[in-house]
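>>> Sharing a model prediction with you, sequence too.
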Amino acid sequence: LLSYVTNAQFNNFKFENLDTVDGLSSSTCLTIFQDSEGFMWFGTIDGLNKYNGYEFEVYKSILNDQNSISNNRINAIVEGADGNLWIGTNNGLNYFNKKTNSFLRVDLYKQLSLSNNPRKFINALLFDEENNALWVATNNGVIKILLEEFNADVSELKFYYYLNDDSNLNSLDNNIVNVILKDQNNEIWLGTNGEYLNRYNAEQDNFDRVFIENTSNYELNHIPKNIFVDADNDFWIGNNLSNIIHWNRSKNTFSHISFTDETDIAIRDMHLDKDGNIWASTDGYGLFILNKTEEKVIQNLVNNFSDS
């Protein structure tokens with residue numbers, strides 16, 4: 001039983017449920033994105049879904065069709081400066097042209113030895129508007145793609161590869177990159193399977209590492225590490241609501257915070273609202289609305305089977 005302080009401003013929420021009966025290709029959704037035109041895009045384990053508010057259009061990989069998406073497991077979606085989408089899957093990166101309603105598959109590695117890997121897992125994407133660049137997080141490091149001269153010809157893209165080098169402390173601390181984000185100062189940070197945060201140093205074109213200080217294990221092994229930046233530019237690191245790391249950047253201190261007495265509650269994603277509250281989506285425990293200052297749960301929104 002989960003019992004928390006309620007807040008009147010959150011008591012009148014109404015949720016509209018969208019499922020496979022409504023046309024969604026799978027009820028297991030991995031990522032959600034709203035484009036500049038207002039369309040909602042749902043990346044699932046079985047296809048990419050475009051929702052116009054009334055119905056779904058589903059995109060799936062088609063055998064021997066190079067203009068279809070490269071894989072049905074959709075992990076990341078971002079929009080470029082041209083209004084078209086970049087889609088990261090379990091087997092490569094795709095560029096979706098809205099006008100032609102078709103995909104171009106991006107050969108990320110070309111002649112590099114990494115191209116021999118039969119699967120190119122894309123874990124996360126970040127479009128850097130300031131520099132018109134796309135960052136691609138993979139299980140083989142991170143790739144930066146400059147888009148300044150991009151004219152929808154993916155064969156002309158320029159790639160810059162960043163990998164772990166044990167002899168170089170300014171390289172990535174680990175090659176499995178799960179998170180790419182920007183902080184409130186527009187600095188780019190990468191989260192990996194390692195023990196550090198990696199800040200991109202644009203002047204040196206390398207990374208500054210920040211060790212994640214901890215006194216106990218804060219990660220659940222079955223899902224990737226989550227990293228989130230709040231309104232104060234502080235970092236929240238981990239994937240367990242009962243043991244998450246808070247990095248206070250102004251004081252440069254790390255502390256463990258527990259928002260629940262439950263043993264383990266896996267966090268899938270975190271979001272900052274306009275009031276500074278943190279929304280955490282979990283694996284089977286609903287949505288949590290968190291108050292950072294008081295380190296407490298404002299409300300836990302769960303499915304009510306009698307109110308569907």
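That came through fine.
>>> Which stretches in the stretch 101-250 of the chain count as strands?
Remark: strands assigned in the stretch 101-250 of the chain by DSSP state E, counting those that start in this stretch are 102-106, 122-128, 133-138, 141-146, 158-162, 177-182, 188-192, 196-201, 206-211, 226-229, 235-238, 244-248.
>>> Relative to residue 90, which of the ones you listed is closest?
Nearest to residue 90, of all these, is strand 122-128, at 7.6 Å by CB to CB. C-betas here are computed from N, CA, C, even on glycine.
>>> can I get the strands of the stretch 101-250 of the chain in CSV with distance to residue 34, mean pLDDT and mean neighbour count?
What follows is those, written out as CSV (distance: least, CB to CB, whole Å; pLDDT from 0 to 100; neighbours: other CB atoms under 10 Å):
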stretch, distance to residue 34, mean pLDDT, mean neighbour count
strand 102-106, 20, 96, 20
strand 122-128, 14, 97, 22
strand 133-138, 18, 97, 24
strand 141-146, 23, 96, 20
strand 158-162, 28, 94, 15
strand 177-182, 18, 97, 21
strand 188-192, 22, 97, 24
strand 196-201, 26, 98, 19
strand 206-211, 30, 98, 17
strand 226-229, 19, 93, 21
strand 235-238, 23, 93, 21
strand 244-248, 27, 94, 19
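>>> what residue ranges in the protein score low on pLDDT?
1-11, 111-119, 305-308 (pLDDT under 70).
>>> Quick one: the helices in it, in order.
In the chain, no helices are defined using DSSP state H.
>>> Need the strands of the stretch 101-250 of the chain in a markdown table (columns: distance to residue 300).
Listed next are the strands of the stretch 101-250 of the chain as a markdown table, based on distance: least, CB to CB, whole Å:
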| stretch | distance to residue 300 |
| --- | --- |
| strand 102-106 | 39 |
| strand 122-128 | 27 |
| strand 133-138 | 30 |
| strand 141-146 | 35 |
| strand 158-162 | 39 |
| strand 177-182 | 25 |
| strand 188-192 | 26 |
| strand 196-201 | 29 |
| strand 206-211 | 31 |
| strand 226-229 | 18 |
| strand 235-238 | 18 |
| strand 244-248 | 16 |
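>>> Select, out of those strands, the one closest to residue 83.
Across these, closest to residue 83 is strand 122-128 (CB to CB), at 11.5 Å.
>>> then the closest one to CSV, C-alphas only?
Only the C-alpha atoms of strand 122-128 are listed here, as CSV (Å, rounded to 0.1, in the frame of the first residue of the first chain):
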residue,chain,number,x,y,z
ILE,A,122,20.8,3.2,-30.6
ASN,A,123,20.1,4.0,-26.9
ALA,A,124,19.4,7.7,-27.0
LEU,A,125,19.5,10.8,-29.3
LEU,A,126,20.0,14.5,-28.7
PHE,A,127,19.6,17.2,-31.3
ASP,A,128,21.9,20.1,-30.4
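>>> Just to check, residue 200 is in contact with residue 188?
Yes. Using CB atoms under 8 Å, residue 200 is in contact with residue 188, at 4.2 Å.
>>> quick revisit: of all the strands of the stretch 101-250 of the chain, which lies closest to residue 255?
Nearest of these (CB to CB): strand 244-248, 5.2 Å.
>>> got a list of what residue 40 touches?
Going by CB atoms under 8 Å, 6 or more residues apart in numbering, residue 40 touches 32, 33, 34, 50, 51, 53.
>>> Swap in 6 Å and give it another go.
By CB atoms under 6 Å, 6 or more residues apart in numbering, the contact set of residue 40 is 34, 51.
>>> Kindly state the beta-bridge partners for it.
residue 34, residue 51 (DSSP bridges).
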